[in-house]
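[1] Here's my sequence, what's the structure:
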Amino acid sequence: MEAMRLSSVLLGVVVLMASAADERTKRPNVVVFLADDLGIGDIGCFGNGTIKTPNIDRIARNGAKLTHHLTAAALCTPSRAALLTGRYPIRSGMASHHVGRVILFVPSESGIPQNETTFAEVAQRNGYATALVGKWHLGVHCKVKDFCHHPLNKGFDFFYGTPMTNLKDFGDSGDKVATSQFKRFNPILLSIIAGTLVAAWSLLRFRLFGRCGVGLLLILLVFPACVVLFVVNNFKFMNSMIMRDFEVVEQPIRFRNLTQRFVNEGTKFLEERQKDKKPFLLMMSWLQVHTVLHTSDEFKGHSAHGAFGDNVEEMDWGTGEIVNALERMGLLDNTLVYFTSDNGGHLEEKGHDGSQEGGWHGIYRGGKGQGGMEGGIRVPTVMMWKNHIKPQTVIDAPTSLMDVFPTLMTSVFKEKLPTDRVIDGRNIYPLLSGKDSTPPHKFLFHYCGTDIHAARYTPGKGEDVYKVHYATPRWIGESEGCGFMCHCNERHVIRHSPPLLYNIAKDPSEKTLLDSSDPENRKIIQVIGDAVQSHRQGVEDVPSQFAFGRMAPRPWLQPYCNFPYFDCVDAEYGYLHDR
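    Numbers count the residues shown, from 1 in each chain. From the prediction side, this is the model:
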């Protein structure tokens, strides 16, 4: 009898353990696709009839299309920080007060602070396997080679990709970001160096200055100019690299078949999860469509829009390959799939022949880098999750990339939101699932660096969405652009008092300015102004990750693969490279 009782107890324990293990395998998986500089006008399901994006369109068809999904910044580094943390970039020091609004160098101290929690860290502590494939652009080291900002210290178990971003400097055309913004950058620096050397020689030759004075002159003028000249002309050497976890495996990046490599790494991660049955979070962070436009041979000439269209269509193919792998492995039905872009299209980006090499804004105004302009922050976003999101759902309410953090934390990982910090995002699962149609955000604030340039207000059920502009870019003519990039400082913006007011629910192109002298409109402007003031008062001062001293490159933090050559090819994919 005792033996029978013991057997029953053991059987019960085994059943409970099996049940618990089965429950773990049923936990939903997450795949996040993040494009770079993709405009809302570049995708088929958002109205583009000439660029083919069947795989992204498929996600929308089988799930939801979010027509009013907004980034927290119109540039990549702060926007990506907000996506991962659910917080406005200014709260974590990831908003800049000067022209440099993104991390510019791999060997700098700038990066996502260690005290910020990412949704990958939440997934990791809940037993999820996590991986990031592609672009990071949120820092690597602090004061020593400690990898404090590295993906593996921000919640990811595996990383294959670039710690920086994609830049036109990385191509073979000789184009550079600095000289795109400042056409005479190199000639001016060379003139300063040459003029100072001539002046120094003259001062010594005619004994107008002592050696110490001339030496000081050289230190103050020539040395800084030489450093800047070296840095600007060696962006590729300093920043173009692929890392596998902590190791640099390729330097500089060989772009041929890079998308295929990313797809391969993502697929291998999924195959491992199919074997070990662990729930997973996979983030596929594409380098498309940021310049330099890199396209494999199979996609060259694939589109009706030249190199840019080819780039979009290859990214769509890569997205489809990962979704197809999920389906093939029987994982898709239990996976939340989310596709978005870190900011809108770069309207001013042109090729040598004048062709458009940046994303398009569709019916919206403005683009990348332009603070609160809709074309820079309203991004193409689709989601699917079988039995949770009905096919062909359309969400018109204002939502944000910051909503990903609380949505995953609450509705996927089943945790309560942290109480030790402000979370600006909202759980949009009730909206996606159709359980609640109430817009999740009453107010959203749109920063250009550390300054609020615009804000939107959604009263009631969202029939109206009001937007005010406190500052707008100083565009060149009717171009809706600013040379290479619009900036946030006073010289580059137009201040508006009273602010410009639009109802973007009815006028998404912001063509019809509402009369600010109308009593009802004055009330709306006042309500938004009070919300802006309240928000500002709730933002605590934190160290800026974009302080000049922190952003400057440090030679001792430079990652490399084989000193002193700084040149290597990822051995695992050597057969793919065209040397």
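[2] Please go through this protein and pick out the longest strand.
    Using DSSP state E, we find that the single longest strand of the chain is strand 493-503.
[3] C-alpha coordinates for it, CSV please?
    Output of strand 493-503 as CSV, limited to C-alpha atoms (Å, rounded to 0.1, in the frame of the first residue of the first chain):
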residue,chain,number,x,y,z
VAL,A,493,14.0,76.5,-37.1
ILE,A,494,11.1,78.9,-37.3
ARG,A,495,9.3,79.5,-33.9
HIS,A,496,5.5,79.9,-33.9
SER,A,497,3.6,82.0,-31.3
PRO,A,498,0.8,81.2,-31.2
PRO,A,499,1.7,77.6,-32.3
LEU,A,500,0.4,76.2,-35.5
LEU,A,501,-2.7,74.0,-35.0
TYR,A,502,-4.0,71.2,-37.2
ASN,A,503,-6.6,68.4,-36.8
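[4] residues making contact with it?
    Strand 493-503 has contacts (Cβ atoms under 8 Å, 6 or more residues apart in numbering) with 371, 448, 453, 464-474, 487, 510, 512-514, 516, 521, 524-525, 529. (C-beta placed from N, C-alpha, C; glycine too.)
[5] partners of it in the sheet?
    Sheet pairing for strand 493-503, assigned by DSSP bridges, gives strand 466-473 (antiparallel).
[6] Is it correct that residue 285 is in contact with residue 120?
    No. Look at residue 285 against residue 120 with Cβ atoms under 8 Å: they stay out of range, at 11.7 Å.
[7] And the contacts of strand 493-503, which of them are buried?
    The neighbour count (16 or more other Cβ atoms under 10 Å) marks 371, 448, 453, 465-473, 487, 510, 514, 516, 521, 524-525 as buried among the contacts of strand 493-503.
[8] Check the spacing between residue 509 and residue 496 real quick.
    Plainly put, residue 509 is 18 Å away from residue 496 if you go by Cβ to Cβ, to the nearest Å.
[9] sorry, that was for residue 152
    For residue 152, the distance to residue 496 - Cβ to Cβ - is 45 Å.
[10] try residue 250
    Using Cβ to Cβ, residue 250 is found at 48 Å from residue 496.
[11] more neighbours, the two?
    Comparing residue 250 with residue 496 by other Cβ atoms under 10 Å, the one with more neighbours is residue 250, at 24 against 16.
[12] that's a helix at the more buried one, yeah?
    No. Read with DSSP: H, G, I helix; E, B strand; the rest coil, residue 250 is strand and lies in no helix.
[13] isn't it right next to residue 561, touching?
    Yes. Taking Cβ under 8 Å as the definition, residue 250 is a contact partner of residue 561 at 7.2 Å.
[14] Need the overlap of contacts for these two.
    Common neighbours of residue 250 and residue 561 (Cβ under 8 Å, 6+ apart) are 241, 568.
[15] what about residue 339, which helix or strand?
    Per DSSP states H and E: residue 339 is located in strand 335-341.
[16] Average pLDDT for that strand, rounded please.
    Mean pLDDT, computed over strand 335-341, is 98.
[17] what about dumping the CA coordinates of it to PDB?
    What follows is strand 335-341, C-alpha atoms only, in PDB (Å, rounded to 0.1, in the frame of the first residue of the first chain):
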ATOM      1  CA  THR A 335       4.800  34.300 -32.200                       C
ATOM      2  CA  LEU A 336       4.000  38.000 -32.000                       C
ATOM      3  CA  VAL A 337       5.500  39.600 -35.100                       C
ATOM      4  CA  TYR A 338       6.200  43.400 -35.200                       C
ATOM      5  CA  PHE A 339       7.600  45.400 -38.100                       C
ATOM      6  CA  THR A 340       8.400  49.100 -37.900                       C
ATOM      7  CA  SER A 341      11.100  51.700 -38.800                       C
END
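[18] helix or strand right after that strand?
    Immediately after strand 335-341, counting by DSSP H and E, sits helix 374-377.
[19] Would you indicate which residues of that following helix are buried?
    Under 16+ other Cβ under 10 Å, the buried positions of helix 374-377 are 374, 375, 376, 377.
[20] Model confidence for the residue nearest to residue 332 when sequence neighbours are not counted, exactly?
    Spatially, and ignoring its direct neighbours in sequence, residue 332 is nearest to residue 326 (4.0 Å; Cβ to Cβ, 6 or more residues apart in numbering). With respect to pLDDT, residue 326 scores 98.
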